Structure formats: structure tokens, C-alpha cells
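Student: Need coordinates for the below:
(one chain, ligands or ions: 1)
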Amino acid sequence: MADADPSTVPAVESTADDIAAMRIRGAATIADAAAAALATQAERSAAESPAEFRRQLRTAARTLYETRPTAVSLPNALRYVLRGMTGDTVADLRESTITCAEAFQRDLAQAQDRLGEIGANRLRDGDVVMTHCHSTDALSCLEATLEDGTELEAIVKETRPRKQGHITARQLREWGVPVTLIADNAARRYLDRADHVLVGADSIAADGSVINKIGTSGLAVNARERGVPVVVAAQTIKLHPDTMTGHTVEIEMRDETEILSDEERAAITGTDASDEAGLTVENPAFDVTPPRYVDAIVTERGQFPPESIVTLMRELFGEPTDNPWDA
Ligand code: RI2
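Tutor: Residues are numbered from 1 along each chain as shown. Predicted structure coming up:
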């Protein structure tokens, strides 16, 4: 991350730190927090000219943008708020930015609710749903189903390395859903008992590829082989407009200590040297599931076969996007 700009308010820096450290995580939650941080920057800015105000907001957006590279909901949120920053005076700029950020947050919550209702139409009484990681969009589908009085069971993959499946299990137990927690390695065996695989997304590419927590692609391939439909719950803020022009989605590589502690490393290498050259640890946070393994992408605008998602992407984002924080 770049050195802190003195005009950037502490709330922006702390939100950026929290996103980078995954204290704030999940693509929708990150977008919500980023919009809120820009609103705080606007509210507390001491800028004395419109040009200075705009510069400060762009700097704050860049600080947030540089935290994690894969979930497109983050740049989509930042772009949305910066585009809503209009006016000829500092007061007008401040008000328009705050209003736009608040509208964005409201729309985000509504979109998730609407998506949940659409996703719930796929689920029937007694169905068993296998989940991966923790996705608020995916859980919204389950919540809407349960609100109808429909009963569900869940097979929850623990989702190494950070075991975010535990967050899903906790939420589902709060809703009274019977949960079977399994190690990731056991997923294929338990697919025989599952009626659906339901996952979220960090980004959706123009060809319908789904970028989601590492392990999603292997799960989807196994599910296809077992005949279990794979459903991706993803608000349209997860659509990655740059992929329309051939850009690929950067996969975040995280710290090796999420996989291997210093003690475990020492036990393998027989030395305390943390840079022992012969042992490399790779820790990609996400992988790419090709569209042929995905049955449906559920958004707040309806359910789509992955191959047709580009139509929605064009409608919502038009043609190529810019990064206003680079201006
Ligand atoms: P919602 C998460 O990424 C998971 O990969 C999850 O499937 C995705 O974001 C979407 O989450 P991470 O931030 O937006 O935990 O559906 O690395 O909550």
C-alpha cells in the first residue's frame, strides 16, 4: 500500500487495513465498507477548494482499491461513488458524495434481498445444499427459502486455509438448519447426498467464468460429474466490466503462514530459517471455474446461464471502464 496521504482521514486508512487483513471480508461487505469509507472522507475532509476535495476523494479511493485485487465489487463501488461526486463547491461535492455512497449501500442491501428471493425459487422442501466458504449472497438465498417455512439441510465445507466455512455453519445453525461440516477433501463423497451446490463469487468474467474462493473449481467439476447443479449467487456488482475487453482477473496470493505456521515449517525443513530455499508455499485465495461447470448465476436481475451474463454486463456497465482514482 502507498504511504498514507495526510489528507486521508483515519477511518479510510483503518477500513483499508481491515480489508487487507480480512477483518472486513466477503465481496459485498467489502464494497459496502469502501462506500462508507468514502462517505466518511467526504464528511470529514478539510479541503478548501473543489479541486482539492476531488483529489482527496480520489486518493482515498486509491488507498481502498490497493488492498485486495480480486473482488471487483471493490472497484465497482469506488467508481460508483466517485461518479456521483458532482457540484461546483466543496459543500455540493460533499453532499453529493455522501448521498451517492448511502444510495449505493442501500441498493446493495436491496439487491442481496432480491437475489435471495430469486435463488430461493430453486430450492425445495427437504433439499440438501452444499456450500463453500462464506458468502452473504449465497446465504441470502437460503434465508429467503427458510423464511417461506421450507426446510433445508446443509453440508458445509470447512474451506481451508482460513476455515471460513465455520462462519457459514454458525449462521446456518442460528437459523436452525441442520449442518454437516466436512473437510474439503470429503466433498466428492458427500456430493451423493447433495441436491445443490451453492456458492458466491468475488468476480464474474464476461465469458461467464466464476472467480471465487480457492476450491470452488474442483468442487464444481466434481458436482458436474455427479450431476449436482452448481448455482452461483452473485449480485451484479460482482460482474467484472474490464473482462469485456479481454482483461483477466488477478488472483490474490496471500501469506504462506495461512497454510504453514513457522513451527510447521521448521518441522518440515529441520531448520528455523524462515527463508529455507527448498520449500515454497503457494497460497492463492481464489480460483476460476469455467462456465461449463456452472448451471446458473443468480443475480438481483434474475437468473442467467453463465454464457449469457455478458449481455447483462454490457447493459449495466456499457463499454470499457476507467479508474477515476488514477486521474
Ligand atoms: P459475498 C469471499 O471472499 C468468498 O470467496 C465469497 O464466496 C465471496 O467473497 C463473496 O462473498 P473473501 O473476501 O459477497 O472471504 O457473497 O476472500 O458475501
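
Student: quick one: contacts for residue 45?
Tutor: 7, 9, 53, 56-57, 90, 94 (C-beta atoms under 8 Å, 6 or more residues apart in numbering). Where you see a C-beta, it was placed from the backbone N, CA and C, and this is true even at glycine.

Student: no no, residue 55
Tutor: Residues in contact with residue 55 (C-beta under 8 Å, 6+ apart) are 7, 47.

Student: cool, and residue 307?
Tutor: 207-208, 291.

Student: Report the two of the contacts of residue 45 separated the most.
Tutor: The most widely separated members of the contacts of residue 45, counting by C-beta to C-beta, are 9 and 90 (15.0 Å).

Student: Of the contacts of residue 307 - the most surrounded one?
Tutor: residue 208 (21 neighbours; other C-beta atoms under 10 Å).

Student: Dihedrals phi and psi, that one?
Tutor: phi 90, psi 0 (degrees, to the nearest 10).

Student: contacting residues around residue 274?
Tutor: 262, 265.

Student: Break down this structure into its helices, ranges please.
Tutor: Along the chain, counting by DSSP state H, helices occupy 10-20, 27-44, 50-65, 73-83, 90-120, 136-147, 165-174, 187-190, 216-226, 262-269, 309-317.

Student: To residue 325, which of the ones you listed lies closest?
Tutor: Of the helices of the chain, nearest to residue 325 by C-beta to C-beta is helix 50-65, at 4.1 Å.

Student: That closest one to helix 27-44, inter-axis angle?
Tutor: Between helix 50-65 and helix 27-44, the angle comes out at 150 degrees (axes from the mean of the first three to the mean of the last three C-alpha atoms, to 10 degrees).

Student: pull the CA atoms of helix 50-65 into CSV?
Tutor: Extracted in CSV, the C-alpha atoms of helix 50-65 (Å, rounded to 0.1, in the frame of the first residue of the first chain):
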residue,chain,number,x,y,z
PRO,A,50,-13.4,21.8,-5.1
ALA,A,51,-10.2,20.6,-6.8
GLU,A,52,-8.6,19.7,-3.5
PHE,A,53,-11.7,17.9,-2.4
ARG,A,54,-11.8,15.8,-5.6
ARG,A,55,-8.1,15.0,-5.2
GLN,A,56,-8.6,13.8,-1.6
LEU,A,57,-11.5,11.6,-2.6
ARG,A,58,-9.5,10.0,-5.5
THR,A,59,-6.6,9.4,-3.1
ALA,A,60,-8.9,7.8,-0.6
ALA,A,61,-10.3,5.6,-3.3
ARG,A,62,-6.9,4.5,-4.4
THR,A,63,-5.9,3.6,-0.9
LEU,A,64,-9.0,1.4,-0.7
TYR,A,65,-8.5,0.0,-4.2
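
Student: per-residue confidence at the residue lying closest to residue 211 once chain neighbours are set aside?
Tutor: Nearest residue to residue 211 in three dimensions, chain neighbours excluded: residue 203, at 4.2 Å (C-beta to C-beta, 6 or more residues apart in numbering). Residue 203 is assigned a predicted lDDT (pLDDT) of 98.

Student: picking up where we left off before, for residue 279, which of the helices of the chain is the nearest?
Tutor: Comparing those by C-beta to C-beta, helix 262-269 comes nearest, at 5.5 Å.

Student: My read is that residue 74 contacts residue 64, right?
Tutor: Yes - the pair residue 74 / residue 64 is scored as a contact, 6.9 Å apart, by C-beta atoms under 8 Å.

Student: and for these two, which residues touch both?
Tutor: Here residue 74 and residue 64 have 19, 34 as joint contacts, going by C-beta under 8 Å, 6+ apart.

Student: who's more crowded, those two?
Tutor: Between residue 74 and residue 64, counted using other C-beta under 10 Å, the more crowded position is residue 64 (29 against 26).

Student: quick one: contacts for the residue lying closest to the more buried one once chain neighbours are set aside?
Tutor: Closest residue in space to residue 64, ignoring its immediate chain neighbours: residue 34 at 4.8 Å, by C-beta to C-beta, 6+ apart. Applying C-beta under 8 Å, 6+ apart to residue 34 gives the contacts 15, 19, 64, 74, 77-78.

Student: got it, and residue 67?
Tutor: 1, 16, 19-20, 74 are the contacts of residue 67 under C-beta under 8 Å, 6+ apart.

Student: For the stretch 1-150 of the chain, what lies in contact range of the ligand?
Tutor: 25-29, 133, 135-138 (C-beta under 6 Å from any ligand atom).
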